[in-house]
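Pasting the sequence and the predicted model now:
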Amino acid sequence: MLRLPALLAGTLLLVAGCAGQAAVREFPVVGAPGIGDDYFPGDGNGGYDVQRYDLDIGYDPATDELTGTALVTADITGAPLRGFSLDLVGLDVASVRVDGTEVTTTRDGDELLVDPGQVVVDGRFTVQVEYSGVPEPVRDGPGVSGVVPTDDGVLVVGQPDVAATWFPVNDHPRDAAAVQLSVTVPEDLVAVSNGTLVAEGEPVDGERTWVWRSDEPMAPYLITLAVGDYDLTEREVDGITYRDAVATGLTDRRADNARAALDRQPEVVDFLAGMFGSPYPFTECGGIVTDSSLGFALETQTRPIYARDFFGTASAAELVVVHELAHQWTGDDLRLDRWSDIWLNEGFATYAEWAWTEAEGGETVADQLAAVTDLSADDEFWQQAIGDPGPATDELFSTAVYVRGAATLAALREGIGDDAFDELLSRWTTDRAGQAVTTAEFTELAAEVAGTDLSGFFADWLGAGKPT
């Protein structure tokens with residue numbers, strides 16, 4: 001690391017180079033307050049790439065107050081930074097340290113700004129933030145998400161804007177990072193998060209600390225926390241640890257349906273690995289089944305959250321597990337570079353439901369595609385361009401994004417043949433593993449694998465209007 005004194009900020013640096021030549025270094029700059037996503041210009045930040053979040057959280061269900069220390073480890077992505085920002089919604093900041101040096105900050109809406117001129121960071125640096133407060137839930141189309149108080153604890157779940165409501169973050173899926181979450185809660189409650197359970201502490205003064213770690217990088221909105229009265233179980237199958245948390249307050253029928261669906265997770269993972277042509281991308285798997293009616297489930301990495309709404313019947317329970325586990329490949333391991341390409345997440349996961357249904361002896365993928373293409377051209381279903389659906393919640397997560405997205409893949413399979421389609425899915429999930437991806441990358445790969453121009457096909461299926 002090379003640290004530059006603050007008085008050099010804004011000046012050009014000349015460093016002696018080879019053969020007496022002077023090498024010119026970029027002067028320190030202020031990182032942009034957004035990562036560059038047209039749908040959400042304020043989300044994320046420029047100038048750095050987060051490598052790791054170490055979060056030490058305390059949560060009091062009686063008051064809903066959260067206290068936290070966040071240690072953010074990041075690398076600069078270009079010129080040295082003399083100022084930068086983190087995303088943080090509400091919450092009170094007590095102190096901020098950059099590489100151990102206390103700095104002053106200002107708040108500009110949902111941006112926590114490290115005021116320029118105090119330090120200059122170059123290479124890898126750390127930011128430690130002490131903060132507290134009652135997080136603000138996010139009110140969106142399906143209902144309430146974000147940090148959601150429950151009868152016996154709390155849930156952290158939602159997209160696209162959730163992470164910044166409970167810790168300082170570079171809040172965009174383009175910037176994935178490893179995470180360790182240490183959370184202290186009343187000793188009679190269970191705290192569940194992503195990845196591996198590192199420690200379940202002994203009770204101390206009526207509290208217990210749970211530590212969860214995910215070394216595989218994940219998008220910030222996929223980081224979850226569930227605190228409450230859960231039955232936590234663990235098993236290992238084929239080298240994957242399945243760790244499930246089922247709320248004890250569920251009715252017997254919903255609890256039975258939930259456990260039956262979760263019991264089939266190894267089968268589902270095997271099926272999806274075959275469909276995608278690549279192995280399960282993580283070492284941990286499982287689910288969190290809540291007793292809350294959220295109106296949605298979410299593919300929180302390695303451990304999706306399922307609202308009780310999905311467990312009224314055994315068939316619905318099974319399909320939602322297929323959907324969220326499919327996201328572990330497309331949505332989690334392959335994450336969005338920009339939110340306008342959301343069909344890459346939801347279309348693939350819905351297609352996985354269709355393929356699973358066929359494999360289980362139900363409707364074939366071709367039959368399910370036909371049900372879509374039978375809709376008349378003036379049906380509202382065809383009016384949205386799913387390749388650029390719009391930033392509103394009801395646009396990003398519309399029925400068309402899910403179902404027309406799946407139909408796009410089914411129609412592509414019919415058009416290029418099973419062998420080429422299988423090769424496409426395998427190369428997509430293998431070659432792009434761990435990356436942020438775009439629609440353009442997928443369509444270019446599809447054309448390469450098929451050996452033909454598919455621009456007209458994708459313009460029809462991802463644009464507005466019924467495909468011809």
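Happy to help now that I have it.

Tell me which residues touch the residue nearest the centre of the chain, please.
Against the mean C-alpha coordinate of the chain, by Cα atoms, centre = their mean, the closest residue is Leu222 at 3.3 Å. With contacts defined as Cβ atoms under 8 Å, 6 or more residues apart in numbering, Leu222 is in contact with 173, 194, 299-301, 332. Placement of C-beta: from N, CA and C, glycine included.

Try it again at 6 Å.
300-301 (Cβ atoms under 6 Å, 6 or more residues apart in numbering).

Kindly report the same for Tyr39.
339-340, 391.

Which of those are buried? Put it as a PyMOL command.
Of the contacts of Tyr39, the buried ones can be selected in PyMOL as follows, counting by 16 or more other Cβ atoms under 10 Å:
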select buried, resi 339+340
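
Kindly give the local confidence score, pLDDT, for the residue nearest to the centre of the chain.
Turning to Leu222, the model gives it a pLDDT of 97.

Could you do Ala6 as well?
pLDDT, Ala6: 35.

repeat for Leu14
37.

Sketch out the low-pLDDT regions of this structure for me.
Within the chain, the segments meeting pLDDT under 70 span 1-25, 140-143.

How is it divided into domains?
Domain assignment for the chain by automatic domain parsing gives 1-227, 335-462.

Which one, of these, ends up nearest to Phe282?
Closest to Phe282 of the domains of the chain is domain 1-227 (Cβ to Cβ; 5.5 Å).

quick one: the strands in the stretch 351-468 of the chain?
Counting by DSSP state E, counting those that start in this stretch, the stretch 351-468 of the chain has strands at residues 436-437.

let me fix that: the stretch 201-350 of the chain
Under DSSP E, counting those that start in this stretch, the stretch 201-350 of the chain gives strands at 207-218, 225-228, 230-237, 240-247, 284-285, 288-289, 297-298, 305-306, 335-336.

Redo the ones you listed as TSV? Include mean neighbour count and distance to Val403.
Listed next are the strands of the stretch 201-350 of the chain as TSV, based on neighbours: other Cβ atoms under 10 Å; distance: least, Cβ to Cβ, whole Å:
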stretch	mean neighbour count	distance to Val403
strand 207-218	20	27
strand 225-228	25	29
strand 230-237	14	32
strand 240-247	21	29
strand 284-285	22	26
strand 288-289	28	25
strand 297-298	22	16
strand 305-306	25	20
strand 335-336	24	19
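
Tabulate these (TSV), appending distance to Glu26.
Shown next, in TSV, are the strands of the stretch 201-350 of the chain (distance: least, Cβ to Cβ, whole Å):
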stretch	distance to Glu26
strand 207-218	27
strand 225-228	39
strand 230-237	49
strand 240-247	45
strand 284-285	40
strand 288-289	45
strand 297-298	40
strand 305-306	43
strand 335-336	29
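
To Gly158, which of these lies closest?
Between the strands of the stretch 201-350 of the chain, strand 297-298 lies closest to Gly158; by Cβ to Cβ that is 6.8 Å.

What pairs with the closest one, parallel or antiparallel?
strand 305-306 (antiparallel) (DSSP bridges).

give the contact list for the nearest residue to Gln159 once chain neighbours are set aside.
Take Gln159 and drop its neighbours on the chain: the residue closest to it by Cβ to Cβ, 6 or more residues apart in numbering is Tyr221, 4.6 Å away. Residues near Tyr221 by Cβ under 6 Å, 6+ apart: 159-160, 162-163.

Columns distance to Gly295 on top of the domains of the chain, output as JSON lines?
Putting these into JSON lines (distance: least, Cβ to Cβ, whole Å) gives the following:
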{"stretch": "domain 1-227", "distance to Gly295": "4"}
{"stretch": "domain 335-462", "distance to Gly295": "11"}
